[in-house]
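Colleague: Model the following, please.
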Amino acid sequence: MAKRATEPSPDLRRLATLQEIGQALSGAADLRSSLERALERLERDHEVVRSAVMALADDGREIRIEASVGITPEGRQARYRLGEGITGRVVQSGKPIVVPAISREPLFLNRAVQRKRPGMPELSFVCVPIAVNRAALGALAIDLEFDPSRDYESAVRFFSVVAAMIGQAFHARRAIEDERKRLLDENVHLKHELQERYDFSNLVGTSGPMRQAYEQIAQVARTGTTVLIRGESGTGKELIAHAIHYNSPRKNKPFVKVSCAALPDTLIESELFGYEKGAFTGALARKRGRFELADGGTLFLDEVGELNLSTQVKLLRVLQEKEFERLGGTETVKVDVRLIAATNRDLEAAIAERQFREDLYYRLDVFSIFVPPLRDRKPDVMLLADHFLTKYARRHGKNIRRISTPAIDMLMSYHWPGNVRELENTLERAVLTCDGSVIHGHHLPPTLQTAEASGTVMQTTLSDAVDQYEKDLILDALKSARGNCAKAARLLGTTERIIGYKVRKYAIDARRFRERGIGGAAGRPKHASAHADPRADPRST
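Modeller: Coordinates of the predicted model:
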């Protein structure tokens, strides 16, 4: 009697079971193993002989066993149509069915388990629907030991709560699967877009230098060779790196970019090679570097000429050995990475100045591609301009059809120090400022305004312009010297004789600067007469 007093009541036992089932369903990523653990709790604590979670297929027609306890592997292959047998009716109607004595129920199909053989003990069967928001997802089927005094209404309520918890687990799994499928589809779509965007056919330019660059890109893309892309800033080196990757056998693997100039020397090593927990203050966990992230794919090092010498040493080892250690660690990490580097620096000059390692240079310069500046590929200017016009007109919702002839002349006569990047920014600005369907000269920035376009053509010769500039310099010097030619000559770093010659040549009246002197005519005594006796002049004797 004392032992019975310490046993928990049926309600407490059911609450404890529900708590354990909740933990089982939420604690594992694999839903089937979680369901099996939940069914084992029912078998252990609630006289369950065997049990099964039945799931409705996505097509809504077939019911299959998702997880079970006490059913053989052959029995788990059983399938039911919607509305077929007791389980099919429960899923179709959304209402529970209780069979107190299985041997007397003709609706049993006995596909998963043979329950009606002679000599078998009598069993009871409880089947409750699994649903979320009144949408049928399956059913929970339970075989119980036969007990004439069993409270089936209470049993149905308890198993219905278990079925509701399983339904939420089903719903969560489907939501995760839908999100995973959406992300996979989006990933495939984005990769397809990237491959289309960086296809060779999308590289704009038909000039001779660019055709040579296209041939080199096509040659090297199919290989795993290290590539060094050289050219001025703004010429499209990163675009070519993308084209090489997305037309290579590694196109389905990561393409990781690192701007060596944008990262300080104290961070570049940790970004490239990663670090271990505790490697430095603030390193709270292990971090994978860009080399690890690019494993199997391509790593693009932009502005590689800006790397400090210590990082150059580690980079050289990775290129040679295909392995490295994380910052603060001793574990050797092996990677399979294709390296593409780009720079606008003169690496040969940097080597001479001991700012770049010669051995690293030869490791990077396996296959070199030179991207010509825009001023050397003038035939491509209008092709690029039309491409950017279409791109930004679509982006900003403008109906701009063409570029006017004067604006074309301005684009073609400009020297484009910022290369393709400057041209792209110029066209985007023109699209934003244009309120019609044609880009005109006044839509272009002031730096492109030529003398012809702005109406400020100089109507003079070079000789006349030089003479005028010389005259202005002499006038300014005489003004500072108050008309004193000797002093003006000293200011201009020449002789008084030359200044006298230039004054006569340009018909400059130096006296007007003396008359503006302080206290009257400069250089004369205050009380001297303008008609002084000529005998006072020493030159008269």
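
Colleague: Please give the element, helix or strand, for residue 124.
Modeller: Residue 124 is located in strand 123-132, with elements delineated by DSSP states H and E.

Colleague: Would you mind extracting the C-alpha trace of that strand into PDB?
Modeller: C-alpha atoms of strand 123-132 as PDB (Å, rounded to 0.1, in the frame of the first residue of the first chain):
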ATOM      1  CA  LEU A 123      -6.000  -5.300 -28.400                       C
ATOM      2  CA  SER A 124      -7.700  -1.900 -28.400                       C
ATOM      3  CA  PHE A 125      -6.900   0.700 -31.100                       C
ATOM      4  CA  VAL A 126      -7.000   4.500 -30.900                       C
ATOM      5  CA  CYS A 127      -6.400   6.600 -34.000                       C
ATOM      6  CA  VAL A 128      -6.400  10.400 -33.800                       C
ATOM      7  CA  PRO A 129      -5.800  12.900 -36.600                       C
ATOM      8  CA  ILE A 130      -2.600  15.000 -36.900                       C
ATOM      9  CA  ALA A 131      -3.600  18.500 -38.200                       C
ATOM     10  CA  VAL A 132      -2.400  22.100 -38.200                       C
END
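
Colleague: From the contact counts, what lies against that strand?
Modeller: Taking 3 or more Cβ pairs under 8 Å, 6 or more residues apart in numbering; DSSP states H and E as contact, the helices and strands that strand 123-132 lies on are strand 48-56, helix 85-93, strand 97-99, strand 135-145, helix 152-197. To be clear about C-beta, it is placed using only N, CA and C from the backbone, and glycine gets the same treatment.

Colleague: Next, find the distance separating residue 73 from residue 63.
Modeller: Shown here: residue 73 relative to residue 63, a distance of 18 Å by Cβ to Cβ, to the nearest Å.

Colleague: if you count what's nearby, which of those two comes out ahead?
Modeller: Just comparing residue 73 and residue 63: by other Cβ atoms under 10 Å the higher neighbour count belongs to residue 63, 26 against 7.

Colleague: Can I take it that that one is in a strand?
Modeller: Yes. With DSSP: H, G, I helix; E, B strand; the rest coil as the criterion, residue 63 is located in a strand.

Colleague: shift numbering so it begins at 232
Modeller: In the new count, where the first residue is 232, that last one comes out as residue 294.

Colleague: That one touches residue 317, doesn't it?
Modeller: No. Because the distance of 11.2 Å does not satisfy Cβ atoms under 8 Å, residue 294 is recorded as not touching residue 317.

Colleague: mind listing what's buried in stretch 645-660?
Modeller: 645, 647, 649-651, 653-655, 657-659 (16 or more other Cβ atoms under 10 Å).

Colleague: same question, stretch 737-744
Modeller: Quick answer for stretch 737-744 (16+ other Cβ under 10 Å): 739, 741, 744.

Colleague: and those as JSON lines, adding secondary structure?
Modeller: Conversion of the buried residues of stretch 737-744 to JSON lines gives the following (three-state DSSP):
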{"residue": "739", "secondary structure": "coil"}
{"residue": "741", "secondary structure": "coil"}
{"residue": "744", "secondary structure": "helix"}
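
Colleague: Residue 706: neighbouring residues, count only.
Modeller: Taking other Cβ under 10 Å as the neighbour definition, residue 706 ends up with a count of 16.

Colleague: name the element it belongs to?
Modeller: Per DSSP H and E, residue 706 falls inside helix 693-711.

Colleague: And that helix, what does it pack against?
Modeller: helix 716-723, helix 727-736.

Colleague: Dump these to JSON lines, plus mean neighbour count.
Modeller: Converted to JSON lines, the helices and strands packed on helix 693-711 look like this (neighbours: other Cβ atoms under 10 Å):
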{"stretch": "helix 716-723", "mean neighbour count": "18"}
{"stretch": "helix 727-736", "mean neighbour count": "14"}
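
Colleague: State the distance from residue 392 to residue 708.
Modeller: Spatial separation of residue 392 from residue 708 under the definition Cβ to Cβ is 104 Å.

Colleague: Who has more neighbours out of those two?
Modeller: residue 708 (20 against 15).

Colleague: mind checking pLDDT for the more buried one?
Modeller: The score at residue 708 is 88. That number is its pLDDT.

Colleague: what's the residue nearest to it when sequence neighbours are not counted in contact with, if anything?
Modeller: Counting by Cβ to Cβ, 6 or more residues apart in numbering, the nearest residue to residue 708 once its immediate chain neighbours are dropped is residue 719, at 4.0 Å. The contact partners of residue 719, taken as Cβ atoms under 8 Å, 6 or more residues apart in numbering, are 705, 708-709, 711-712, 730.

Colleague: got any ranges where the chain has weak pLDDT?
Modeller: 232-239, 258-260, 340, 343, 345-350, 420, 422-433, 680-690, 746-772 (pLDDT under 70).

Colleague: Kindly export stretch 455-473 (C-alpha atoms) in CSV.
Modeller: Below are the C-alpha coordinates for stretch 455-473, written out as CSV (Å, rounded to 0.1, in the frame of the first residue of the first chain):
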residue,chain,number,x,y,z
GLY,A,455,43.5,26.5,-62.9
THR,A,456,46.5,28.7,-63.6
THR,A,457,47.3,31.7,-61.4
VAL,A,458,46.5,35.0,-63.2
LEU,A,459,47.9,38.5,-62.7
ILE,A,460,45.6,41.2,-64.2
ARG,A,461,47.4,44.5,-64.7
GLY,A,462,46.1,47.9,-65.7
GLU,A,463,45.1,51.4,-64.5
SER,A,464,42.4,51.9,-61.9
GLY,A,465,38.9,51.8,-63.3
THR,A,466,39.7,49.7,-66.4
GLY,A,467,37.6,46.7,-65.3
LYS,A,468,40.1,44.3,-63.8
GLU,A,469,37.6,42.9,-61.3
LEU,A,470,35.1,42.3,-64.2
ILE,A,471,37.7,40.2,-66.0
ALA,A,472,38.4,38.2,-62.8
HIS,A,473,34.7,37.4,-62.6
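
Colleague: can I assume residue 264 sits in a strand?
Modeller: No. Checked against three-state DSSP, residue 264 lies outside a strand; its state is helix.

Colleague: Next, count neighbours for it.
Modeller: For residue 264, using other Cβ under 10 Å, the count is 12.

Colleague: what does residue 616 give?
Modeller: Each residue near residue 616 was counted by other Cβ under 10 Å, and the total is 22.

Colleague: what does the helix or strand it falls within rub up against?
Modeller: Under the criterion DSSP H and E, the helix or strand holding residue 616 is helix 612-626. Outside helix 612-626, the residues that touch it by Cβ under 8 Å, 6+ apart are 435-437, 605, 629-631, 634, 639, 642-643, 647, 651, 654-655, 658-659, 661-663, 670.
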